[in-house]
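1. need coordinates for the below:
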Amino acid sequence: MRKGVCCGGFVLPILVIAAGVLLLLNTLDVVGWSVWRWVARLWPVLLIAGGALLLWERTGPREG
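-> Predicted coordinates for the structure are as follows:
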């Protein structure tokens, strides 16, 4: 990983893609709107996972 590059450049696009996939599946009647209640209940887990990823990248094992 290059110095000064944060995982935010990776996480945000993944979240946008996931939201787009959920909206597409909802439009195709594969999933209902109840999935959004489930996502809304789990947003703290996403926040914790993002923080853990940041911490891991800053303090995790280094190559070389």
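2. from the centroid of this structure, which residue is nearest?
-> Closest to where the C-alpha atoms of the chain average out (C-alpha atoms, centre = their mean) is Leu15, at 4.5 Å.
3. same for the lengthiest helix in the chain, what does it pack against?
-> Identified as the longest helix of the chain according to DSSP state H is helix 8-27. Contacting helix 8-27 under the criterion 3 or more C-beta pairs under 8 Å, 6 or more residues apart in numbering; DSSP states H and E are the following elements: helix 34-41, helix 43-59. Every residue, glycine included, has its C-beta placed from N, CA and C.
4. can you tell me the closest non-neighbouring residue to the residue nearest to the centre of the chain?
-> Leu46 (7.6 Å; C-beta to C-beta, 6 or more residues apart in numbering).
5. what about this protein, any weak spots by pLDDT?
-> Residue ranges of the chain with pLDDT under 70: 1-9, 60-64.
6. doesn't Leu46 make contact with Leu53?
-> No: applying C-beta atoms under 8 Å, one finds Leu53 not in contact with Leu46, separated by 10.5 Å.
7. more crowded one of these two?
-> Leu53 (16 against 13; other C-beta atoms under 10 Å).
8. that one and Ala40, how far apart?
-> From Leu53 over to Ala40 the distance is 21 Å, taken as C-beta to C-beta, to the nearest Å.
9. kindly report the same for Leu24.
-> Note on Leu24: its distance to Ala40, by C-beta to C-beta, is 19 Å.
10. ok, those two, which is more surrounded?
-> More crowded of Leu24 and Ala40, by other C-beta under 10 Å: Leu24, with 11 against 8.
11. roughly how far does the more buried one sit from Val31?
-> 10 Å.
12. next one: Trp38
-> According to C-beta to C-beta, Trp38 and Val31 sit 10 Å apart.
13. let me have the helices and strands packed on helix 8-27 in CSV, adding distance to Ala19 as columns.
-> What follows is these, written out as CSV (distance: least, C-beta to C-beta, whole Å):
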stretch, distance to Ala19
helix 34-41, 8
helix 43-59, 11
